[in-house]
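Trainee: Quick one, fold the following:
(one chain, ligands or ions: 1)
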Amino acid sequence: EFEYKTGFPALRLTNSNGSASVEILLYGAHVLSWTTNNKQILFLSDKAIFAPGKAIRGGIPIVWPQFGPGPLPQHGFARVKTWRLGKTNTNDDVSVELHLLHDEDTLKIWPHKFNLTLTIRLKEKSFYQELTVHNEDNHTFEFTSLFHTYFTVDDIKTTTISGLNNVTYTDKVDGSKTKTETNKTLEFTSETDRVYNDGGKNANPILINDCIQVIGSGTTSDIVVWNPWQEKAKGSVDIGEHNFSKFVCVEVGHVHDSVKLDKDQLWKGSHEITLLK
Ligand code: BG6
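Mentor: Alright, predicted model coming up:
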């Protein structure tokens, strides 16, 4: 454990031959960086704000228990709470567990007792994250959940995403609910904000630039694709115009409806990112 330049306690895990490493903040259980063979896979804004209560622009924020706007703060509270460090394993496959338990503040805005465990596992060319939700209350509760991954790209205008052909999606830019993806390969020419319902259940894997594969679990089959484009990036204090072309968010989760979790029950959702070449 060490103090990262952000001011938040953080840890760095490196695999045994030194070829891959991750940096994780306890704040938000936020993965800031994943490098493999000296290649940084994630995007972190040079204007990111590191302050209590603020979401960090880049890396992998954990969206829970609410995706998007709603009664809770945007994207829920898990990304702005400080998690507790659990078991770490640095032997074969490097792994770490982080925990977040309900507290006075969460109960005030979301009256349900929960216990979250985020497991992060690092292999030479792949990165795996699993969220376990335990309902510790005496009633059923509901949530949505998402790994909000920011991938670094050379240029959004030449970035492609494949594997979503024929999938139905909600277009959050124009508000239409049931479009169907007709392109084999998705390209970016303007603001893009889409929720592909069960996109991860498509026969083809999700590939970014034919080189990064993103896979969810059976419980996390929705795929959100987001880039704010130039104007919105310019208007955002922690992105900036110069950054819009440098990232794409490809987010795996369960968001098109909510997960209903009975008392004492566990829910697990995960994603795996693999560098293919
Ligand atoms: C995406 C949403 O997941 O996150 C977008 O689909 C949203 O609508 C984006 O703008 C960023 O959200 P935030 O709260 O991190 O600025």
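Trainee: Straight-line length of stretch 133-140, end to end?
Mentor: Stretch 133-140 has an end-to-end distance of 12 Å (criterion: CA to CA, to the nearest Å).
Trainee: for the residue of the chain most remote from its centre, what are its contacts?
Mentor: Going by CA atoms, centre = their mean, the residue of the chain most distant from its centre is Asn138, 29.0 Å out. For Asn138, the contact set (CB atoms under 8 Å, 6 or more residues apart in numbering) comprises Lys263. Heads up, the C-betas are built off the backbone N, CA and C, glycines and all.
Trainee: Can you name the residues of the stretch 151-277 of the chain that neighbour the ligand?
Mentor: For the stretch 151-277 of the chain, the residues found near the ligand under the criterion CB under 6 Å from any ligand atom are Lys172, Asp193, Val224, Trp226, Glu251.
Trainee: Would you mind putting these into CSV with neighbour count, pLDDT and secondary structure alongside?
Mentor: Formatted as CSV, those follow (neighbours: other CB atoms under 10 Å; pLDDT from 0 to 100; DSSP: H, G, I helix; E, B strand; the rest coil):
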residue, neighbour count, pLDDT, secondary structure
Lys172, 16, 97, coil
Asp193, 18, 98, strand
Val224, 26, 98, strand
Trp226, 18, 98, strand
Glu251, 25, 98, strand
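Trainee: which one of those residues sits closest to Leu98?
Mentor: Using CB to CB, Glu251 is the member of those that sits closest to Leu98, with 19.1 Å.
Trainee: who's Pro9 bridged to?
Mentor: Pro9 forms beta bridges with Glu3, as assigned by DSSP bridges.
Trainee: Phe143 too?
Mentor: Beta-bridge partners of Phe143, as defined by DSSP bridges: Val259.
Trainee: so where do the strands sit in the stretch 101-250 of the chain?
Mentor: Taking DSSP state E, counting those that start in this stretch as the test, the strands found in the stretch 101-250 of the chain are 114-122, 126-135, 141-147, 150-152, 160-162, 168-171, 179-180, 185-187, 192-196, 206-208, 212-216, 222-227, 247-261.
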